[in-house]
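1. Coordinates for the following, if possible.
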Amino acid sequence: MHLFRFILLGFCCIASFAGAMKFKIRIILLCILLSYELNAQTITGSLSLLPNQEIRLEGINGFKNHNIATGRIQANGSFTLRYTPSDMGMGYLISSDKKPLFVVLCGEDIELAGEALSKPETITITKGKQNQWFKQYAQEQPRREQALSAWIYLENLYAADSLFSPHKKALQTIRSEKKHLKEEEAKFLSALPEDSYVRWFLPMRNLVSSVSTIAQYRTEEIPATIAAFRALDYTDERLYKSGLFKDAIESHFWLLENCGKPLDSVFVEMRRSIDAMLVHLVLDQKKLNEVTHYLFDLLERHSLFEASEYLALKVLNDASCTINSDLAGQLESYRAMKKGNTAPDINFGAQTYVNGMRQTQFPALSGLETPYTLIFFGASWCPKCQEELPTAAAQYAKWRNAGLEVVYISLDTDTTAFEQTVKNYPFFTYCDFKKWESSVVKEYYVFGTPTFFLLNNKREILLRPNSISQVDAWVDWFLIQGNPLNK
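-> All right, here's what the predicted structure looks like:
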């Protein structure tokens, strides 16, 4: 009997404890919700042409957008969304018309009214100082830029054309107007509170958006603009959440590429810029990985291989850098497979085909007797490869006569898919059906398809082309035009 009471008392205690825990959990959740409400700012508005439609507030983290809040516009056009201080930066409202309206998420409540997000000229910011300043600047600055471009055109005309150069007073007036426009902008920006987000963002947006104009019409500003890009801190959360993170990288290196200097000098400048970017990035593993991955891909796409090689080796050799294994492997390909290195030999065995027929006289890459070899890594499931393969086949006779052999190495795992892909191609094709686990793929540090290596008869890497058209241009220039027998 005593034992029964003891057990019953134990169950009561457990039930009481469980009840207390549920109560505590409810209190904690309530506190979290209350904290969110207290710290959250609201975006309220009225969009008369968008009743009963979904509206979203999206934020930006580096290269990616993320959803902050989703709501529905009421029948009368009104809506309410919330954001918190952790969303600080630029965001945008977007509805079913898919036309975003950018807003400054800076810890202030925002009120707006208009017809639709796709009609920004109808929208008025009725509350939110920083958003009002942003809208005012966005409306005024394009007109200032247009006027400035016109004055610059006239200045060049009056300074260089003999028809106008005698009119010194007119030239002075033009220069005075140019100065006045720049002072107006500077005055507007300097009047903004120093700790406001727009005080930082607006000049940053100007820097990014002005590179094309500077490269074409204001070339005297190129050195200062490049210096401004090099001074950027890519670990700065303001930049990371600004929507300008990707644009800053692209604009920086586009300007370097199009600054009018010889290519050798361009690569020197790119190395300086990479060094400047890494000063802060090596202290932030997450952003280091993101920026390195994006910049490496950007340089590769633009065939700026000397710069991408420098970036790869710089990041790999800097002891303070911590990069994830996938990126490290991709960059390692530049250390192991850079121009001038000797590519590994490949033992093909009896798995080599030409026009779908098995080849037995071609056991290894070193067995080829042609002066040059193009190694082409691809796959039947790679759309770009299916574009490049027919082009390579069409050029093969010309290449072979010039001394270039082609070896296509497939990453397929399906025998039928491989055979159907290569059955009509006149060059050597090979597949061990192990995809990324293939020893050849690993030895050549292949991380994507298509990947190309151009080798000489000593298997020295001469070039890492980015396309078949680049290979064809190389053949034309070095093997055909450069061959005395063809002249």
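
2. going forward, measure contacts and count neighbours with C-alpha atoms only.
-> OK.

3. Run through this protein and note the low-pLDDT ranges.
-> Residue ranges of the chain with pLDDT under 70: 1-39, 318-326, 350-351, 353, 355-362, 482-487.

4. Break it into its domains for me.
-> Using automatic domain parsing, the domain ranges for the chain come out as 41-127, 131-196, 210-336, 352-486.

5. How far does the shortest one stretch from one end to the other?
-> Counting by Cα to Cα, to the nearest Å, you get 11 Å between the two ends of domain 131-196.

6. Validate this expectation: residue 113 resides in a helix.
-> No. Residue 113 sits outside any helix when classified using DSSP: H, G, I helix; E, B strand; the rest coil, being strand.

7. does residue 106 really touch residue 91, like I thought?
-> No. Counting by Cα atoms under 8 Å, residue 91 is not a contact partner of residue 106; they are 9.9 Å apart.

8. In this structure residue 373 contacts residue 452, no?
-> No. Proximity of residue 373 to residue 452 does not meet the contact threshold set by Cα under 8 Å, at 10.3 Å.

9. Which residue of these two possesses the greater neighbour count?
-> Taking neighbours as other Cα atoms under 10 Å, residue 373 and residue 452 compare with residue 373 leading, 24 against 20.

10. Dihedrals phi and psi, that one?
-> The phi/psi pair for residue 373 (degrees, to the nearest 10) reads phi -140, psi 130.

11. again, but for residue 168
-> Dihedral angles for residue 168 - degrees, to the nearest 10 - are phi -60, psi -40.

12. what about it, distance to residue 221?
-> Separation of residue 168 from residue 221 (Cα to Cα): 24 Å.

13. same deal with residue 445?
-> 41 Å.

14. quick one: which of those two has more around it?
-> Using other Cα under 10 Å as the criterion, residue 445 and residue 221 rank with residue 445 on top: 20 against 12.

15. Could I get the contacting residues of the more buried one?
-> The contact partners of residue 445, by Cα atoms under 8 Å, 6 or more residues apart in numbering, come to 329-330, 332-333, 336-337.

16. Dump the residues you listed to JSON lines, plus neighbour count.
-> Output for these, formatted as JSON lines (neighbours: other Cα atoms under 10 Å):
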{"residue": "329", "neighbour count": "16"}
{"residue": "330", "neighbour count": "17"}
{"residue": "332", "neighbour count": "18"}
{"residue": "333", "neighbour count": "19"}
{"residue": "336", "neighbour count": "14"}
{"residue": "337", "neighbour count": "22"}
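
17. So which of those residues are in strands?
-> Among the contacts of residue 445, none falls in strands (DSSP state E).

18. May I ask which two of these are separated the most?
-> For those, the maximum inter-member distance is 11.7 Å, found between 329 and 337 (Cα to Cα).

19. Just name whatever secondary elements the strand or helix carrying residue 400 is in contact with.
-> Using DSSP states H and E, residue 400 maps to helix 383-402. Under the contact criterion of 3 or more Cα pairs under 8 Å, 6 or more residues apart in numbering; DSSP states H and E, helix 383-402 touches helix 468-474.

20. Work out the gap between the helix it packs on and the centre of the chain.
-> Relative to the chain's own centre, helix 468-474 is displaced by 26 Å; criterion: Cα atoms, centre = their mean, to the nearest Å.

21. now do stretch 303-320
-> 17 Å.

22. And that stretch, what's buried?
-> Buried positions in stretch 303-320, judged by neighbour count with 16 or more other Cα atoms under 10 Å: 303-316.

23. One more: stretch 151-167?
-> Residues 151-152, 154-155, 158, 164-165 are the ones in stretch 151-167 that count as buried (16+ other Cα under 10 Å).

24. Export these to TSV and append columns for distance to residue 387.
-> Below are the buried residues of stretch 151-167 laid out as TSV (distance: Cα to Cα, whole Å):
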residue	distance to residue 387
151	48
152	46
154	49
155	50
158	52
164	55
165	56
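
25. Out of those residues, which comes closest to residue 62?
-> Among those, and counting by Cα to Cα, the member closest to residue 62 is residue 152, at 35.2 Å.

26. I'd assumed residue 208 was in a helix, is it?
-> Yes. Residue state for residue 208 (three-state DSSP) corresponds to a helix.

27. got a list of what it touches?
-> Neighbour list for residue 208: 244, 247-248, 251-252 [criterion: Cα under 8 Å, 6+ apart].

28. okay if I get these as a markdown table plus secondary structure, neighbour count and distance to residue 70?
-> Converted to a markdown table, the contacts of residue 208 look like this (DSSP: H, G, I helix; E, B strand; the rest coil; neighbours: other Cα atoms under 10 Å; distance: Cα to Cα, whole Å):
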| residue | secondary structure | neighbour count | distance to residue 70 |
| --- | --- | --- | --- |
| 244 | coil | 22 | 24 |
| 247 | helix | 13 | 27 |
| 248 | helix | 20 | 29 |
| 251 | helix | 20 | 32 |
| 252 | helix | 21 | 35 |
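
29. now, which of these sits nearest residue 45?
-> residue 244 (26.2 Å).

30. what separates the closest one from residue 64, distance-wise?
-> 11 Å.
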